[in-house]
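Undergrad: my questions concern the predicted model and sequence given below.
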Amino acid sequence: MTSKEFVARLVDEMNQLFARLGEMDTLESESEGNVDVVTLLRLALKSEIEASELAGFWLPSTPEVDAKMALALQCGDEMKHYGLISQRLAELGEDLSGFDPHADGHSPLYQYLRGLRTTVERIAAGVFASEAIATVRNAQFVSFCKSMGDYDTARLYAETIQPEETHHHLLGREILEKYATTPDLQELTASAVRNTLAIADELRNLAAKTTGVHNIPVS
């Protein structure tokens, strides 16, 4: 199987999983049913900073320059998103002084991703799959914000955050098409994608039902 055919199959697999989601499934799961704009924005801060930290952590030990560039872009963009979301929370009257996104520790997904060693695994999980999940979550969040009359938050996500997350995902796809060229590398790539889908908070319950994967070991 060529690398492009292989990656296209992974995209189809993810899209089939996402198609089973309801209109607010990711938001309800992420917030444990407490769906409101402020709660979701606070949770987004943790996701953004973890994604930035991971990309930065991987940079020195990722040898391929184009993969380094993708990680560097993601690292910067995610921290930019953190700043924009913080600013929006302040506009909504939230005091973030003393706020620690890591107060409860890093997420299980972060712990799993941090343990990945190869470039194809890192790109597959941290850029390709994670950002695909983010685009689904963001689309649901934009719709929710509009339904609540919060058009400023919806605009921030629709016009800035969502396009950049989508760009990261597509860049990850290009890199996988370049490097996931052998059966062994494709096996590593597919495993990283499926584990990411299974362990991601907003997809955990659905993945358990559709893949049978309930618990992913973390490093």
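TA: Yep, that arrived.
Undergrad: quick one: Arg173 from Asp184, how far?
TA: 20 Å (Cβ to Cβ, to the nearest Å). For every residue, glycine as well, the C-beta is placed using N, CA and C.
Undergrad: same check on Ala132?
TA: 23 Å.
Undergrad: neighbour count winner among the two?
TA: Remark: of Ala132 and Asp184, Ala132 carries more neighbours, 26 against 11, as counted by other Cβ atoms under 10 Å.
Undergrad: how near is the nearest residue to the more buried one once chain neighbours are set aside to Ser130?
TA: Distance criterion Cβ to Cβ, 6 or more residues apart in numbering; nearest residue to Ala132, sequence neighbours excluded, is His169 at 5.1 Å. Distance of His169 to Ser130, computed by Cβ to Cβ: 8 Å.
Undergrad: got the CA coordinates for the host helix or strand of His168 in CSV?
TA: When elements are assigned from DSSP states H and E, His168 belongs to helix 162-179. Provided in CSV are the C-alpha atoms of helix 162-179 (Å, rounded to 0.1, in the frame of the first residue of the first chain):
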residue,chain,number,x,y,z
GLN,A,162,-10.1,26.5,13.8
PRO,A,163,-8.3,27.4,10.6
GLU,A,164,-4.9,27.0,12.3
GLU,A,165,-5.8,23.7,13.9
THR,A,166,-7.0,22.5,10.5
HIS,A,167,-3.7,23.6,8.9
HIS,A,168,-1.8,21.6,11.5
HIS,A,169,-3.8,18.5,10.8
LEU,A,170,-3.3,18.8,7.0
LEU,A,171,0.4,19.5,7.5
GLY,A,172,0.6,16.3,9.6
ARG,A,173,-1.1,14.4,6.8
GLU,A,174,1.5,15.6,4.3
ILE,A,175,4.4,14.5,6.6
LEU,A,176,2.8,11.1,7.1
GLU,A,177,2.4,10.7,3.4
LYS,A,178,6.1,11.4,3.0
TYR,A,179,7.5,9.2,5.8
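Undergrad: the chain should start at 132 in everything you say after this.
TA: With 132 as the first residue, the last one maps to helix 293-310.
Undergrad: chain center to it: distance?
TA: On the basis of Cα atoms, centre = their mean, to the nearest Å, helix 293-310 sits 12 Å off its chain's mean C-alpha point.
Undergrad: find the centremost residue of this protein, please.
TA: By Cα atoms, centre = their mean, the chain has its centre lying nearest to Ser261, at 3.0 Å.
Undergrad: where does this structure dip in pLDDT?
TA: Where the chain drops to pLDDT under 70, the residues are 153-165, 332-350.
Undergrad: scan it for its longest helix.
TA: helix 196-222 (DSSP state H).
Undergrad: now it: buried residues?
TA: By 16 or more other Cβ atoms under 10 Å, the buried positions in helix 196-222 come out as 198-199, 201-202, 204-206, 208-210, 212-213, 216-217, 219-220.
Undergrad: picking up where we left off before, and the closest residue to the residue nearest to the centre of the chain other than its chain neighbours, what does it touch?
TA: Once flanking residues are discounted, Ser261 sits nearest to Thr327: 6.0 Å by Cβ to Cβ, 6+ apart. Shown in contact with Thr327 (Cβ atoms under 8 Å, 6 or more residues apart in numbering): 240, 243-244, 255-257, 260-261, 264.
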